[in-house]
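Undergrad: Give me a model of this one.
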Amino acid sequence: MTTFPDKFIAAYSDNFWDCPKKPAKGAAKCDPLMMKAFVCSIFGLAGVQLLIFVSACSAMSRPAVSQAAKSAACLVTMIFNALFAVSDLYQTTKADWPTGEIPKEGIYVNAVIWLTLAGLAYSGWQEAGAFKPKFEGIVMPKGQRGRFGLPLAIGSVNLLFYGIPLVLFADTFVKDGFGRGDMMAGFTPAVNFLLSFVFGNIGKMCLINVAMTNLVSQAGGEDAQYRLLRGGTHAQMFSLGMFGKDAIVNMLLGFEDPMRLFVFATSFAILFYQINVWAGAPYKLDKVK
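TA: Numbers count the residues shown, from 1 in each chain. Alright, predicted model coming up:
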């Protein structure tokens with residue numbers, strides 16, 4: 001999704017970028033290149049959230065990690081897979097699903113895979129002790145933060161800033177908040193449907209990553225927090241590289257992104273702070289006992 005988004009999309013459809021042969025009178029211009037560039041950039045954002053999630057799962061898989069932290073990670077993974085299976089299947093029931101451009105069979109296969117992975121995660125959650133979280137707030141309570149909790153909490157707030165609007169009112173948030181309305185006016189109904197679909201999934205991934213951060217921190221303490229922080233920042237460094245690439249693409253396409261400075265400044269500042277905390281801390285990972 002981050003490196004070969006066009007190939008990834010082609011696996012689901014081979015006629016996705018076709019513009020109407022006879023556009024309606026007065027309709028906005030349909031530009032296949034503009035559609036492809038924007039969709040690929042959005043798939044890249046989704047891929048970054050998946051990388052953050054995978055980095056957390058990988059960090060929690062190490063032998064020295066506590067059973068409680070592993071159980072918490074399995075719990076979030078189970079919810080993630082089940083949520084996406086149900087959510088994507090629901091999308092296929094919508095009347096405006098672009099059947100000609102996006103066959104539903106791919107979604108059905110994904111749902112089977114995700115439900116299977118949810119079952120495996122449930123088994124892992126049980127085997128590792130069936131951790132049950134205490135819900136004391138959306139972002140980890142102050143008393144649970146420790147040395148590495150504050151940068152994780154700040155990162156969670158940043159994800160919530162994007163995640164909640166993308167789940168509740170994605171189109172308005174992207175078109176008005178990020179100035180994409182005029183650009184998307186000429187997109188085909190299939191492309192606009194896909195974008196709305198992916199926007200919502202990015203929002204869900206942001207919320208899932210917040211849940212992973214908070215529940216694993218609650219279960220595993222300082223050792224788990226350090227591992228989450230170190231792994232997550234590597235994925236975010238990759239994200240900043242993608243941001244630079246997208247900025248160049250937008251310039252070449254003539255799109256002036258009104259949120260570019262805000263997104264870069266906040267992303268860079270948070271990432272710099274997070275790296276500075278874990279890289280400068282005199283901390284050694286727990287060893288296998």
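
Undergrad: going forward, measure contacts between C-alpha atoms and count neighbours the same way
TA: OK.

Undergrad: residue boundaries of the helices in the protein?
TA: Using DSSP state H, the helices of the chain run over 5-10, 32-60, 67-91, 105-127, 146-168, 170-172, 181-184, 189-253, 260-280.

Undergrad: any chance of those in a markdown table, with distance to Lys25 too?
TA: Compiled in a markdown table, the helices of the chain are given as follows (distance: least, C-alpha to C-alpha, whole Å):
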| stretch | distance to Lys25 |
| --- | --- |
| helix 5-10 | 30 |
| helix 32-60 | 19 |
| helix 67-91 | 31 |
| helix 105-127 | 35 |
| helix 146-168 | 32 |
| helix 170-172 | 25 |
| helix 181-184 | 17 |
| helix 189-253 | 16 |
| helix 260-280 | 33 |
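
Undergrad: Just send those helices back as JSON lines, with mean pLDDT, distance to Lys22 and mean neighbour count too.
TA: Formatted as JSON lines, the helices of the chain follow (pLDDT from 0 to 100; distance: least, C-alpha to C-alpha, whole Å; neighbours: other C-alpha atoms under 10 Å):
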{"stretch": "helix 5-10", "mean pLDDT": "78", "distance to Lys22": "24", "mean neighbour count": "15"}
{"stretch": "helix 32-60", "mean pLDDT": "91", "distance to Lys22": "15", "mean neighbour count": "20"}
{"stretch": "helix 67-91", "mean pLDDT": "94", "distance to Lys22": "28", "mean neighbour count": "22"}
{"stretch": "helix 105-127", "mean pLDDT": "94", "distance to Lys22": "29", "mean neighbour count": "17"}
{"stretch": "helix 146-168", "mean pLDDT": "91", "distance to Lys22": "33", "mean neighbour count": "19"}
{"stretch": "helix 170-172", "mean pLDDT": "88", "distance to Lys22": "26", "mean neighbour count": "20"}
{"stretch": "helix 181-184", "mean pLDDT": "84", "distance to Lys22": "18", "mean neighbour count": "16"}
{"stretch": "helix 189-253", "mean pLDDT": "91", "distance to Lys22": "15", "mean neighbour count": "20"}
{"stretch": "helix 260-280", "mean pLDDT": "93", "distance to Lys22": "35", "mean neighbour count": "15"}
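
Undergrad: So which of those is nearest Cys19?
TA: helix 32-60 (6.8 Å; C-alpha to C-alpha).
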